[in-house]
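[1] pasted the sequence and its predicted model underneath.
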Amino acid sequence: MLTLFCRILPLLACGVAAAAAVNAPDPAQLQSMLDDKGAVWSLPADSFLTPDLRLFFRWLAAEKKEEAHYPGYGNSPKMTFLDLPVTEANVRFKDGQLSSFTLSLYNRGDQGDASEARFVALLTDIGTRITTWSGDRGTEARKTRIAGKDMLRRAWVTGPYAMVLTWSSSGQGKRDFRAEYIQLEITPFDARNDPRRMLAAPTGGKPVAVRAESTIEKVLRKENGDVYLDGMPMVDQGQKGYCAAATTERVLRFYGIDVSQHVIAQLADSDAGRGTSSELMLKMIKRAGVKFGVQVREHYTAVGSMRDLEEMVNRYNRVARKEKGNKVTLPSFGVIELNLVYESFDPAVYKKYRCEGEKVDFKRFLFDVRDHIDKGIPLCWGVYLGLAKEEKLLPQTTGAHMRLIIGYNDTTSEMIYSDSWGAGHEFKKMSYSDAWTITTGLYSFDPRRQQ
């Protein structure tokens, strides 16, 4: 019997390894692409990745040239805007032509914590540089609140370019101040949608309406038995432990809600180095659910209490005795780290225990997947890597992780899933048995049904 002093340290998702080192070219100066005529906005996707830019950007999806990403790893070639370091950048295309630049000028996930003084100084410096370059003093918006977090914005216009700076911090005072992110979006200027005028207008308090009927048409059914969701946006979480935040961003963008992983990480109180506990992630996203117009549902959690953990270990040990595998002993006091418990399991024994000893839950898991995919709803899938063999696991090979289930194939008994690691990870498959073996949680963001 475990004592009352024993507590579980929840699974944290997820940390990733650094990218391979490259020879460092001269820094890319993004403002050099923004000529006075706005010719960049007519640049086709097929012509974007010149040999020079290929050193910095990569397509987020190998087959769809809709978004190019500069990952900003610690050993990536450097990129600047107005001599300001760019931590990461996304370039989006619409109808085959460049439509926006989104630059991260600071984010906690990549750069660590910043004091309030440093954060304010950086904001002031950014504002001064953009004002000098654009000749526009800028218009600042009133605060926007998302799930109790303040988001601030300032807009500039110069010639064919509109720029909106967005930033946020957390905490109620100097003692618990925490810088979150500073992001600059550059888009073609449209006088009918002047961002300075739009930011000056009062913000509406109505939540975004996401309807279930709008997602069913995205379900594709192939002759080989594949049933999957088409058009799932890709996000590269980079080296940050933001897999849960990146996964959530992808789902919300699939629903037409343009929100970044940095906003989600703030709502979920993500730790850049260790990730986000599933418990905290659910708690914070549920608070934001009303704002985003979705209902957060928890379909399965492997370990939600000490009793769940004890039962899991006891059932595993019974199978281990029969299979002559290693048994697991939980400590009787102190902190139990779930990661260490999972690492102590024999993968073959654990798979047998999960697939043969939890047939009811396994069956329910498959039902939930089919039911949601058929309705056009992706599933956020908590897993523990290393318990089943997988291909294309880099940059993470073991540990807690969150990914997306985007389809299934009953003909081959395979799960179709996607990781938030960029090109090459959009569409992958795994047997149903392996998928269930590594599952630690299953959640969905269900659109509201039409009344």
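    That came in fine, so what should we check first?

[2] I'd assumed residue 71 was in contact with residue 236.
    Yes. Between residue 236 and residue 71 there is a contact under Cβ atoms under 8 Å: 5.8 Å. In short, each C-beta sits where N, CA and C put it, glycine included.

[3] those two: which is more packed in?
    Regarding residue 236 and residue 71, a neighbour count based on other Cβ atoms under 10 Å identifies residue 236 as having more, with 24 against 19.

[4] against residue 218, how distant is that one?
    22 Å (Cβ to Cβ, to the nearest Å).

[5] one step back: which neighbours do residue 236 and residue 71 share?
    Listed as contacting both residue 236 and residue 71 by Cβ atoms under 8 Å, 6 or more residues apart in numbering are residue 422.

[6] any low-confidence regions in the stretch 101-250 of the chain?
    Flagging of the stretch 101-250 of the chain using pLDDT under 70 yields the residue ranges 145-148, 172-174, 200-213.

[7] all helices of it, in order?
    Assigned helices in the stretch 101-250 of the chain, in chain order: 108-111, 116-134, 195-200, 243-254 (criterion: DSSP state H, counting those that start in this stretch).

[8] beta partners of residue 84?
    residue 81 (DSSP bridges).

[9] okay, now it: neighbour count?
    The local packing of residue 84 (other Cβ under 10 Å) involves 20 other residues.

[10] pretty sure it contacts residue 105?
    Yes. Using Cβ under 8 Å as the test, residue 84 is close enough to residue 105 to be in contact (5.7 Å).

[11] got any residues that touch both of the two?
    Applying Cβ under 8 Å, 6+ apart, one finds that residue 84 and residue 105 are jointly contacted by residue 126.

[12] and the helices of the stretch 101-250 of the chain: which comes nearest residue 388?
    Nearest of those to residue 388, taken as Cβ to Cβ: helix 243-254 at 17.6 Å.

[13] mean confidence score for the next helix or strand after that closest one?
    Tracing the chain C-terminally past helix 243-254 and defining elements by DSSP states H and E, one meets helix 261-268 next. Per-region confidence: helix 261-268 scores 80 on mean pLDDT.

[14] tell me what helix 261-268 is packed against?
    When contacts are defined as 3 or more Cβ pairs under 8 Å, 6 or more residues apart in numbering; DSSP states H and E, helix 261-268 sits against helix 108-111, strand 149-158, strand 161-170, strand 178-188, helix 243-254, helix 278-292.

[15] closest to residue 57 out of those?
    strand 178-188 (15.1 Å).

[16] for stretch 85-96, buried residues please.
    86, 87, 88, 89, 90, 91, 92, 93 (16 or more other Cβ atoms under 10 Å).

[17] buried sites along stretch 427-437?
    Residues 427, 428, 429, 430, 432, 433, 434, 435, 436, 437 are the ones in stretch 427-437 that count as buried (16+ other Cβ under 10 Å).

[18] got it, and stretch 116-129?
    By 16+ other Cβ under 10 Å, the buried positions in stretch 116-129 come out as 119, 122, 123, 126, 127.

[19] so the last one sits right up against residue 137, yeah?
    Just to be clear, that refers to residue 127. No. In this structure, residue 127 is not within contact of residue 137 by Cβ under 8 Å, at 9.3 Å.

[20] just give the nearest non-adjacent residue to residue 437, would you?
    Of all residues not flanking residue 437 in the chain, residue 351 sits nearest, at 4.4 Å (Cβ to Cβ, 6 or more residues apart in numbering).

[21] tell me the secondary structure at that neighbour.
    Under DSSP: H, G, I helix; E, B strand; the rest coil, residue 351 falls in the helix class.

[22] distance of it from residue 421?
    According to Cβ to Cβ, residue 351 and residue 421 sit 24 Å apart.

[23] swap in residue 69?
    In terms of Cβ to Cβ, residue 69 sits 11 Å off from residue 421.

[24] check the contact lists of these two and give me the overlap.
    With Cβ under 8 Å, 6+ apart, residue 69 and residue 421 have common neighbours residue 236.

[25] next, count neighbours for the nearest residue to residue 122 once chain neighbours are set aside.
    Leaving aside its chain neighbours, residue 122 sits nearest to residue 106 (6.0 Å; criterion: Cβ to Cβ, 6+ apart). Residue 106 has 22 neighbouring residues, counting by other Cβ under 10 Å.

[26] quick one: residue 106 and residue 181 touch, right?
    Yes. Counting by Cβ under 8 Å, residue 106 does reach residue 181; the two are 6.4 Å apart.

[27] residue 317 belongs to a strand, doesn't it?
    No. If the criterion is three-state DSSP, then residue 317 is helix and not within a strand.

[28] so what's the residue lying closest to it once chain neighbours are set aside up against?
    Sequence neighbours aside, residue 327 is the residue nearest to residue 317 in space, at 4.7 Å (criterion: Cβ to Cβ, 6+ apart). Taking Cβ under 8 Å, 6+ apart, we find residue 327 in contact with 317, 320, 321.

[29] which among those count as buried?
    Of the contacts of residue 327, these count as buried by 16+ other Cβ under 10 Å: 317, 320.

[30] adjacent strands (with direction) for the helix or strand residue 381 falls within?
    In this structure, residue 381 sits in strand 379-385 according to DSSP H and E. Strand 379-385 has the following strand partners under DSSP bridges: strand 399-409 (antiparallel), strand 439-447 (antiparallel).
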